[in-house]
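Enquirer: fold the following and give me the result.
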Amino acid sequence: MGVRGEQSQADLSACPDLPAIAPEAAADDRVGTRNRVARLILANGPSTAADLAVRLGVTPAGVRRHLDALLAEGLVEAREQRVYGHRGRGRPAKVFALTGDGRAVFHHTYDEMAIDALRFIAENGGESAVDAFAQRRFAGLADRYRVLMADADPAERPQLLADALTEDGYAASTRPTATVADPGKHPVQGAQVCQHHCPVQHVAEEFPQLCEAETQVFADLLGTHVQRLATIAHGDGVCTTFIPVPPTAAAVKRSPQATPAEQSEGASA
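Expert: Okay, the predicted model is just below:
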């Protein structure tokens, strides 16, 4: 299961972009553009006005007008951009992130009913009953995903997982990266799976067992320990999971092909 306390040198917000909206779409009405601004923030996490302007093909001033309207409606909030590693001079750029109300506009069906049901389970069966529910909820997902990954190479599984999650409404993507689990150790090569949307965010905020069960399913499907770096339910812009490359695969990628003599020496060692 992933351990949230572990630190990473990777930029947690630097998840790969989902397909950008075509510039010509920006010619639509103001409400349509405002919706696209919100969807871009949903897909890519907290974003600057300049980034949003480039993706939409409009001026930063034009984007700021839509951001002001979204701020007034309580659908987005302004934050200081997180800086990982060395911080340069000057104040960090301001980024805009969706609020809980903003995310609810997209997909949060029956949140109140689900929370009430889980509270009832916790009151009558204890935390172990909630754990069992969370594991059972993801059991069906695990069975479906396992079929997709059954014959896949381990290096291909993160992307297959992201594709499957996207089909289920999580707007997922992947990026290669390296992280460090403990100070003084060599970076571990791997990939990040980024979930830009969480259909059960409000429920998971109160019942983190859902995130824990999901993380365990990822580990089981991928056949390796995974590290949950960030979650939307915890207040992060994107759910980010680090998946290490299997040691054997990493060694093959790092090392040049051995000569016959070296192979012979290795066999006789």
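Enquirer: next up, the contacts around Cys194.
Expert: Going by CB atoms under 8 Å, 6 or more residues apart in numbering, Cys194 touches Cys15, Pro16, Gly45, Ala162, Ala172, Ser173, Thr174, Arg175, Val238, Cys239, Thr240. All C-beta atoms are positioned from the backbone trio N, CA, C, and that covers glycine.
Enquirer: partner residues bridging the residue lying closest to the fourth one once chain neighbours are set aside?
Expert: Just to be clear, that refers to Ala162. Sequence neighbours aside, Ala172 is the residue nearest to Ala162 in space, at 4.0 Å (criterion: CB to CB, 6 or more residues apart in numbering). Residues in a beta bridge with Ala172, per DSSP bridges, are Gln195.
Enquirer: please apply the same query to the one 5 residues further on.
Expert: Applying DSSP bridges to Thr177 yields these beta-bridge partners: Gly190.
Enquirer: my guess is it meets Gly190, correct?
Expert: Yes. With contacts counted by CB atoms under 8 Å, Thr177 reaches Gly190, the gap being 6.4 Å.
Enquirer: now for the two: what residues contact both?
Expert: The contact sets of Thr177 and Gly190 overlap at Phe242 (CB under 8 Å, 6+ apart).
Enquirer: number of residues surrounding the residue nearest to Val76 when sequence neighbours are not counted?
Expert: Distances taken as CB to CB, 6+ apart place Leu70 nearest to Val76, at 4.3 Å, with adjacent residues excluded. By other CB atoms under 10 Å, 20 other residues sit near Leu70.
Enquirer: cool, Val200 as well?
Expert: Neighbours of Val200 (other CB under 10 Å): 22.
Enquirer: with the one 10 residues further on instead?
Expert: If you count neighbours by other CB under 10 Å, Leu210 ends up with 25.
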